[in-house]
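Chemist: Here's my sequence, what's the structure:
(chains A and B)
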Amino acid sequence: DTGVSQDPRHKITKRGQNVTFRCDPISEHNRLYWYRQTLGQGPEFLTYFQNEAQLEKSRLLSDRFSAERPKGSFSTLEIQRTEQGDSAMYLCASSEKNYEQYFGPGTRLTVT
Amino acid sequence: AQSVAQPEDQVNVAEGNPLTVKCTYSVSGNPYLFWYVQYPNRGLQFLLKYITGDNLVKGSYGFEAEFNKSQTSFHLKKPSALVSDSALYFCAVRDIGSSASKIIFGSGTRLSIRP
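Modeler: Here you go, the predicted model:
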């Protein structure tokens, strides 16, 4: 499968714990995006990488959130001290240049 | 600021009938418009895009969309609906004010096709 993959698919954690998600983009895509989707809403942009550089971050990305793409390939999104409001689907997408974005299956986070 | 609006939360259509899912946009400059579909517990799948050229854009699974500049609309259409088309559909626009070319999504329209 050469699409975008994300791991894990589901994560249940207790409030206050840290969680980390991984995204593997389509191999030839140099652009990688993270979005967050809550129930009944469209995805909202969180952050963007071009190769290994994080070039844009949304105001939605509080200081508890950090994302990396150390070698310009896979990316990780970490949430520290999780809160119940962090419960959502976290989507990763990749694209080539300014073309359409291809999305992974998402990681569903539930904070109890 | 760029935005899209999907005025219908839900659209119900009988199998075999034509379907339309509505979308209007607000952009400064030329719009880059997209339609995505989301099946339960799945990520979004790209259906089609409009960047320039013909106003009628053909995409995956028999879907097409009509770009109408005067009405600032980009409605998704299919001549004959299938039960398997039942899903959540998102209209989206590329944010040209962003160096990231991030996508701004509408709130989604749930399409339900009854047998």
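
Chemist: drop to CA atoms for contacts and neighbour counts, all remaining ones
Modeler: Noted.

Chemist: ok, residue A:87 - contacts?
Modeler: Going by C-alpha atoms under 8 Å, 6 or more residues apart in numbering or on different chains, residue A:87 touches A:38, A:108, A:109, A:110, A:111.

Chemist: now swap in residue B:29 and tell me
Modeler: Contacts here follow C-alpha under 8 Å, 6+ apart; on that basis residue B:29 touches nothing.

Chemist: Mind pulling up the pLDDT for it?
Modeler: You'll see residue B:29 listed with a pLDDT of 81.

Chemist: From residue B:62, how far out is it?
Modeler: 29 Å (C-alpha to C-alpha, to the nearest Å).

Chemist: re the thing from before, which of the contacts of residue A:87 fall in strands?
Modeler: Among the contacts of residue A:87, DSSP state E puts A:108, A:109, A:110, A:111 in strands.

Chemist: residue ranges of the strands in chain A, please?
Modeler: Ranges of strands in chain A, per DSSP E, are A:5-7, A:10-13, A:19-24, A:31-37, A:44-50, A:53-57, A:65-68, A:75-79, A:88-95, A:102-103, A:107-111.

Chemist: of these, which approaches residue B:10 most closely?
Modeler: Nearest to residue B:10, of all those, is strand A:31-37, at 18.5 Å by C-alpha to C-alpha.

Chemist: Contacts for the closest one, please.
Modeler: With contact meaning C-alpha under 8 Å, 6+ apart, strand A:31-37 is reached by A:25, A:43-51, A:75, A:88-97, B:102.

Chemist: make it 7 Å
Modeler: A:25, A:43-51, A:88-97 (C-alpha atoms under 7 Å, 6 or more residues apart in numbering or on different chains).

Chemist: Bridge partners for the residue most central in space within chain A, pull those for me.
Modeler: Computing the C-alpha centroid of chain A and ranking residues by C-alpha atoms, centre = their mean puts residue A:34 first, at 3.6 Å. Counting by DSSP bridges, residue A:34 forms beta bridges with residue A:47, residue A:92.

Chemist: what residues are up against residue B:27?
Modeler: B:1, B:2, B:3 are the contacts of residue B:27 under C-alpha under 7 Å, 6+ apart.

Chemist: give the contact list for the residue in chain A that chain B sits nearest to.
Modeler: The minimum distance from chain A to chain B, using C-alpha to the nearest C-alpha, falls at residue A:105 (3.9 Å). Taking C-alpha under 7 Å, 6+ apart, we find residue A:105 in contact with A:5, A:6, A:91, B:42, B:43.

Chemist: In the lowest-mean-pLDDT helix or strand in chain A, which residues are buried?
Modeler: Least confident helix or strand, chain A: strand A:53-57 with a mean of 89, by mean pLDDT, DSSP states H and E. Residues of strand A:53-57 classed as buried: A:54, A:56, A:57 (neighbour count, 16 or more other C-alpha atoms under 10 Å in any protein chain shown).
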